[in-house]
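Student: output the structure for:
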Amino acid sequence: MARKYIDCRDHPSEVKCTVALSADSEEELMQAVIEHAKTVHKYQITPEFKDMIRKGMKAGSPPA
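Tutor: I've put the predicted structure just below:
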């Protein structure tokens, strides 16, 4: 299974977050992103948000 990641730098916000999260499965990455989005960005987690996250997952590891 290919590693996947989400990088906050790809989604600019008022927080100016530079965190990148990665995992070996989409489900594990989704759980980490949801926790991060709720606690740091104060986002409401909706089905649309989850869909946006799934579409934004990239293969590999985040760039340095």
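Student: now the lengthiest helix in the chain: mean pLDDT?
Tutor: Secondary structure of the chain per DSSP state H: the longest helix is helix 26-39. Here helix 26-39 scores 97 as its mean pLDDT.
Student: what is the burial count for the nearest residue to A20 once chain neighbours are set aside?
Tutor: Of all residues not flanking A20 in the chain, P62 sits nearest, at 3.5 Å (Cβ to Cβ, 6 or more residues apart in numbering). C-betas here are computed from N, CA, C, even on glycine. When neighbours are counted by other Cβ atoms under 10 Å, P62 registers 16.
Student: related to what we said a few turns ago, alpha carbons of the longest helix of the chain, as CSV, please.
Tutor: Once non-C-alpha atoms are left out, helix 26-39 reads as follows in CSV (Å, rounded to 0.1, in the frame of the first residue of the first chain):
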residue,chain,number,x,y,z
GLU,A,26,-6.4,6.5,3.8
GLU,A,27,-8.5,5.8,6.8
GLU,A,28,-5.6,6.4,9.2
LEU,A,29,-4.8,9.6,7.4
MET,A,30,-8.4,10.7,7.5
GLN,A,31,-8.6,10.2,11.3
ALA,A,32,-5.4,12.3,11.8
VAL,A,33,-6.6,15.1,9.4
ILE,A,34,-10.0,15.3,11.2
GLU,A,35,-8.4,15.6,14.6
HIS,A,36,-6.0,18.3,13.3
ALA,A,37,-8.7,20.2,11.5
LYS,A,38,-11.0,20.2,14.6
THR,A,39,-8.3,21.2,17.2
